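> model this:
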Amino acid sequence: MATAMSEEQIIDNVRLCFQNLITLQGEHKNVLEGLETTLTAVKDDGGNHVIEEKAKYVRSGITLLDTGVQDAQFLVELKKYLDTLEADKVKLKAQVRRLFQENAWLRDELGTTQQKLQASEQNVVQLETEKQQLEFMNQLKKYDTGESGDQPTPSDSGKGASDTASELGFPDDEDNANMLSSAQAGQMAASTNAGYEIPARLRTLHNLVIQYAQAGRYEVAVPLCKQALEDLEKTSGRNHPDVATMLNILALVYRDQNKYKEAAVLLNDALQIRKNTLGPEHPAVAATLNNLAVLYGKRGRYKEAEPLCKEALEIREKVLGKDHPDVAKQLNNLALLCQNQSKFDEVEKYYRRALQIYESKFGPDHTEVTKTKNHLASAFLKQGKYKEAEVLYKEILTRAHDREMGASTPDRPIWQVAEDQGDKGRSRDSPNLPHSDLATWSKVSKTDRPPP
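Numbers count the residues shown, from 1 in each chain. The predicted structure follows:
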């Protein structure tokens, strides 16, 4: 059995065959020359015929040898070309390997650069936060040294600061001035902070934090609170009213972020500190109890929130008096908690008492009176007491109509128009509804619609 030859052996045999063919070709050419010479010398016709036949066969052999030589030469050239291709292939493979290595290196460099960029961006954010904190601390130093030129006004803090001030135990002087006389407002502010005055720098911090929270910049507001809390604990100790106030502020920021669990922990700490330092019946304790009750209410833990709200109510009744507007506000909160527990008898009792306080302090046309009536009417609807709810809703619409249009106007409240149309068998949305009544209803609905 013949052994398979390698590529090199085949090429060597082709080269050897090529040389042999060239040699044989040369021999045939020599033989042909000899025959042609003999053919010229011999004049015998019979001898010439034989020589011509030989020359013919020699020429044919030379032609075949030429073809064989060309084929062998082609194979040799093809082998050279294939060797060149193989060399190029090896070079390309080496280049591909080098490119793969370079690509891997570039990927590593890109990853490193991206990490550096991310770290730089984090440093920028951190430095910006530190810059803002340092600017704020610089403002606090002005308050510590008695400078008050940069103290923010109520308009600087925005609506959120005003809404949250009472929850922190801060007296809301602007709102109180609108509802009470200046003497009453001053008396209430003094009683609210009896034995403890909120430092000016904490008021400033509260306003600044509220601004950041309203802008959604909790990444600045939270570190600001934590840094101030840490500084207060270092200078005043953990068991200090200022620390409790700072805990309360941070808890409200967490509450805005829906981090109710963290906020509850902070409020419980603040409550314990205020009870220990200010006494269990201090208005600041009531404010913290109210904040904690609101927080539990947001988490649906109404049963736990109710006793906290009642305790806050008792404190405010003792300190402020049973007919104070803050007591009415606390009664509204308590009524809402009871309503979520379907304790409708207590709901009605608390809303009626709050309504009595608001009407006695502010008059029947005040927005708090309207809101409380609306809440009480909603509670009646939940109990199926439609007649009582109807009476309250009619009162709300009638007073809103009189306030907008005047009591002496010929136009009637929308509910009276609707009843007249119903008595006549007409639809409430009848096109015959007087235009002036529709205009009145539009104004009333925009003015006195209680917030959801």
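
> now do the strands in this protein.
Taking DSSP state E as the criterion, the chain contains no strands.

> in it, which residue is most central in space?
In the chain, the centroid-proximal residue (CA atoms, centre = their mean) is residue 216; its distance is 9.3 Å.

> which residues does that one contact?
If a contact means CB atoms under 8 Å, 6 or more residues apart in numbering, then residue 216 has no contacts. Bear in mind the C-beta positions are built from the backbone N, C-alpha and C, glycine included.

> so where's the protein shaky on pLDDT?
1-5, 42-47, 136-197, 404-452 (pLDDT under 70).

> okay, now residue 366: neighbour count?
15 (other CB atoms under 10 Å).

> nope, residue 37 is what I was after
As a measure of burial, residue 37 has 11 neighbours, counting by other CB under 10 Å.

> roughly how far apart are the residue nearest to residue 28 when sequence neighbours are not counted and residue 328?
Once flanking residues are discounted, residue 28 sits nearest to residue 62: 4.7 Å by CB to CB, 6 or more residues apart in numbering. To residue 328, residue 62 is 131 Å away according to CB to CB, to the nearest Å.

> look at those two and report which has more neighbours.
residue 328 (26 against 18).

> run through the residues that contact the more buried one.
Applying CB under 8 Å, 6+ apart to residue 328 gives the contacts 353-355, 357-358, 361, 368, 372.

> can I see the domain layout of the protein?
7-86, 100-142, 154-400, 401-452 (automatic domain parsing).

> mean neighbour count, those: which tops it?
domain 154-400 (a mean of 19; mean count of other CB atoms under 10 Å).

> ok, which stretches of the stretch 201-350 of the chain are helices?
218-236, 241-256, 260-278, 283-298, 302-320, 325-340, 344-362 (DSSP state H, counting those that start in this stretch).

> out of the ones you listed, which comes closest to residue 390?
Of all those, helix 344-362 sits nearest to residue 390, with 15.5 Å by CB to CB.

> show me what the closest one is packed up against.
Helices and strands touching helix 344-362, by 3 or more CB pairs under 8 Å, 6 or more residues apart in numbering; DSSP states H and E, are helix 325-340, helix 367-383.

> list the contacts of it.
179-180, 323-325, 327-329, 331-332, 334-335, 338-339, 366, 368-369, 372-373, 375-376, 379-380, 382-383.

> ok, now which ones touch residue 302?
296, 337, 340-341.

> I'd like the residues you listed as CSV, with distance to residue 243 appended.
Shown next, in CSV, are the contacts of residue 302 (distance: CB to CB, whole Å):
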residue, distance to residue 243
296, 23
337, 29
340, 33
341, 34
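
> which of the residues you listed sits closest to residue 389?
residue 340 (18.5 Å).

> list the contacts for that closest one?
Per CB under 8 Å, 6+ apart, neighbours of residue 340: 297, 302.

> rewinding a little: quick one: the helices and strands packed on helix 344-362 as TSV, columns for distance to residue 314 too.
Shown next, in TSV, are the helices and strands packed on helix 344-362 (distance: least, CB to CB, whole Å):
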stretch	distance to residue 314
helix 325-340	9
helix 367-383	20
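
> so which of the domains of the chain is nearest residue 94?
domain 100-142 (10.7 Å).

> before we move on, the earlier item: now distance to residue 93 too, for the domains of the chain, in TSV please.
Output for these, formatted as TSV (distance: least, CB to CB, whole Å):
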stretch	distance to residue 93
domain 7-86	11
domain 100-142	11
domain 154-400	53
domain 401-452	73
